[in-house]
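*Asks:* Structure for the following, please:
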Amino acid sequence: MGLRDLAKRLKADSKSLDSERLQHRFEKFDATPIAQLTCRTPCTIVGEVKRMRIAPRHGIPALEVVISDGTGDAVAVFTGRRSIGGMDNGRAVVIEGIARDERGRRVMMNPAYTLV
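*Replies:* Predicted structure coming up:
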C-alpha cells in the first residue's frame, strides 16, 4: 500500500470503504451483482448478511435477511422460519432464486442458500 492509497483511505467515509471491501471479497464468485438484478429471472447472488429480523407476513413468521455485496442490498425472505442455523450477521452466503420488487426493495422469497 502506497502513500496515495493510504491518504485515499483516510479521506474516504466508512460506507464507501465497506462497499469496496465487500466488492473485493466477492469478486471471485460467479454471481450477479445485486445492483444488476433483473426482476422475475432466476439469478444467483453472493453477499454478506447485514441484518436479520423476524417480520410476520399474514400471521406467519418470516425471517428477513438483508444481504449486501457492495453494489446494493437484497432481502431474502424465509417464510415459516424464525432462524437459520449458522446464518449470522457478517456471514457470507450464496442465494439462488427469483428476485422481485417489493416496496422499492429487491426481494427473493424462500431462496436456496449456501453458507460460505
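*Asks:* And residue 20, which helix or strand is it part of?
*Replies:* helix 14-25 (DSSP states H and E).
*Asks:* What are the buried residues along the next helix or strand after that helix?
*Replies:* Using DSSP H and E, the helix or strand that follows helix 14-25 in sequence is strand 42-54. By neighbour count on 16 or more other Cβ atoms under 10 Å, the buried set for strand 42-54 is 43, 45, 46, 47, 48, 49, 52. All C-beta spots, glycine's among them, are computed from the backbone N, C-alpha and C.
*Asks:* export the residues you listed to TSV and tack on distance to residue 88?
*Replies:* Formatted as TSV, the buried residues of strand 42-54 follow (distance: Cβ to Cβ, whole Å):
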residue	distance to residue 88
43	24
45	18
46	16
47	14
48	11
49	7
52	8
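*Asks:* Which two of these have the greatest separation?
*Replies:* 43 and 52 (21.3 Å; Cβ to Cβ).
*Asks:* Who does the residue nearest to the spatial centre of the chain form a beta bridge with?
*Replies:* With distances taken as Cα atoms, centre = their mean, the residue of the chain nearest its centroid is residue 67 (1.7 Å). With DSSP bridges as the criterion, residue 67 is bridged to residue 49, residue 74.
*Asks:* wait, what's in contact with it?
*Replies:* Counting by Cβ atoms under 8 Å, 6 or more residues apart in numbering, residue 67 touches 34, 45, 47, 48, 49, 50, 73, 74, 75, 76, 93, 95.
*Asks:* which residues are contacting the helix holding residue 20?
*Replies:* With Cβ under 8 Å, 6+ apart as the criterion, helix 14-25 contacts 9, 47, 48, 68, 69, 70, 71, 92.
*Asks:* Got a quick ChimeraX command for the buried subset of these?
*Replies:* A single ChimeraX command suffices to select whichever of the contacts of helix 14-25 are buried according to 16+ other Cβ under 10 Å:
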select :47,48,68,69,70,71,92
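*Asks:* Just put the contacts of helix 14-25 in a markdown table and tack on pLDDT and distance to residue 25.
*Replies:* Compiled in a markdown table, those are given as follows (pLDDT from 0 to 100; distance: Cβ to Cβ, whole Å):
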| residue | pLDDT | distance to residue 25 |
| --- | --- | --- |
| 9 | 61 | 16 |
| 47 | 93 | 9 |
| 48 | 93 | 7 |
| 68 | 92 | 11 |
| 69 | 92 | 8 |
| 70 | 87 | 8 |
| 71 | 91 | 12 |
| 92 | 93 | 7 |
